[in-house]
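A.B. asks: test case, fold it:
(chains A, B, C and D)
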There are 2 protein chains.
Amino acid sequence: MSTQTTRKRVRRVSAQDEPPLDQGALLDLIGYNCRRAYLDIMALFSLRMEKYALRPVDYTTITLVNTNPNITPKRLARAINVSPPNLGPLLERLETRGLLERRPNPSDKRSQVLALTPEGRALCSKADKTANQLENEATAMLTGNERRELLRLLQKIYL
Amino acid sequence: MSTQTTRKRVRRVSAQDEPPLDQGALLDLIGYNCRRAYLDIMALFSLRMEKYALRPVDYTTITLVNTNPNITPKRLARAINVSPPNLGPLLERLETRGLLERRPNPSDKRSQVLALTPEGRALCSKADKTANQLENEATAMLTGNERRELLRLLQKIYL
DNA sequence: TATTGTTATACTCTATAACTATA
DNA sequence: TATAGTTATAGAGTATAACAATA
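C.D. replies: The predicted structure follows:
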């Protein structure tokens, strides 16, 4: 073994008696760090959202339809980064579960408008609470100010 | 020789005359914001790294092997979140390109040790520079202090 | 002619079980 | 019996072309 003996407090990555590996230049990249933090949070997301059978994309979808009633599939597809052909089956599943309705657009017979059913709104409300709880849990090492600052900086990048 | 240029779509601009949609509760979620920022940065990553034919996972791999010479595939697989069966073809490609070597582990004939070739180290060095440039470009709206603070907060979550 | 949503399809990514050769 | 790496395979996730109905 070489000279790396910094013996940091090993959290999740290294198993057994493995020395932690040097992440080198990666630690200076925002993209890399965003992904690592994202994966950690999403691991907990999957766990906590399992009881609702909601994948991340499902949760994003019902939340967006909830706050943007009568949105068209076209706009939704762009918003959640799903191509129109792939959005079909996603909406189909949510509709089959009785959470979402696709109705013909009165002003354009080609398109549709989306809305949550009462069941969909109820589930969305519960899922929102769970999402906030799990986020607080996954980011419990941050103070309130740090959490708000992190949100601000991330949004500065993409918004 | 199929040099396929994937014309990545630039986001951030709502298409045509569409009103921007309300992201609602999502904007308060660190996970959601990490993903959005990550996708923005990675769009530029794909563009700038195209000339090296390095996908994100390829870049992470050669960087990690570079800073951790003689690492085993097992440890590497855990570090980059790739299952051992899926790591094989990845290393095979890098080896075929003459960037990486898999050598038998002298102390355990079951396993191997990985190292970059001189060509691999040269490419890694260039890719590192490009990665830093593209990151600075993608996060140009942040001040130096904001950038360092963002790194600190993200690492606080997963490290 | 252009657009919405759908169908069909293919390509990538990821996950799992079973195999081999060592230990 | 356990482990490192491989093989085979299946399932997600994602991308594009072509089509029908409508504008």
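
A.B. asks: and A:Arg36, what element?
C.D. replies: For A:Arg36, the host element (DSSP states H and E) is helix A:30-49.

A.B. asks: ok, residues contacting the following helix or strand past that helix?
C.D. replies: Once helix A:30-49 ends, the next helix or strand along the chain (criterion: DSSP H and E) is helix A:56-67. Residues outside helix A:56-67 that contact it (CB atoms under 8 Å, 6 or more residues apart in numbering or on different chains): A:42, A:45, A:49, A:54, A:71, A:76, A:79-80, A:82, A:90-91, A:93-94, A:99-100, A:114-116, A:120-121, A:123-124, A:127-128, A:131, B:21-26, B:32. The way it works is simple: take the backbone N, C-alpha and C, and place the C-beta from them, glycine included.

A.B. asks: quick check, helix A:56-67 touching DNA strand D?
C.D. replies: Yes: contact of helix A:56-67 with DNA strand D (CB under 7 Å from any atom of the strand) involves A:Val57.

A.B. asks: check the average confidence over whatever helix or strand comes next after that helix, would you?
C.D. replies: Going down the chain from helix A:56-67, the next helix or strand is helix A:73-79, by DSSP H and E. The average pLDDT for helix A:73-79 rounds to 96.

A.B. asks: tilt between the next helix-or-strand element following helix A:73-79 and helix A:56-67?
C.D. replies: Per DSSP H and E, the first helix or strand lying C-terminal to helix A:73-79 is helix A:84-96. Helix A:84-96 and helix A:56-67 meet at an angle of 70 degrees, taking axes from the mean of the first three to the mean of the last three CA atoms, to 10 degrees as the criterion.

A.B. asks: and helix A:84-96, anywhere near DNA strand D?
C.D. replies: Yes: residues of helix A:84-96 contacting DNA strand D under CB under 7 Å from any atom of the strand: A:Pro85, A:Asn86.

A.B. asks: just confirm yes or no for that helix near DNA strand C.
C.D. replies: Yes: Helix A:84-96 reaches DNA strand C (CB under 7 Å from any atom of the strand) through A:Pro84, A:Pro85, A:Leu87, A:Gly88, A:Leu91.

A.B. asks: now the second one: how far from A:Thr61?
C.D. replies: Counting by CB to CB, to the nearest Å, the gap from A:Pro85 to A:Thr61 is 16 Å.

A.B. asks: list of residues touching the helix holding A:Arg36?
C.D. replies: A:12, A:26-27, A:55-56, A:59, A:127, A:130-131, A:133-135, A:137-139, A:154, A:157, B:30-31, B:34-35, B:37-38, B:41-42, B:45, B:56, B:60, B:81, B:135, B:138-139, B:147, B:150-151, B:154-155, B:157-158.

A.B. asks: same question for it: list its buried residues.
C.D. replies: Residues of helix A:30-49 classed as buried: A:30-38, A:40-42, A:44-45, A:48-49 (neighbour count, 16 or more other CB atoms under 10 Å in any protein chain shown).

A.B. asks: low-confidence stretches in chain A?
C.D. replies: Residues of chain A meeting the criterion pLDDT under 70: A:1-17.
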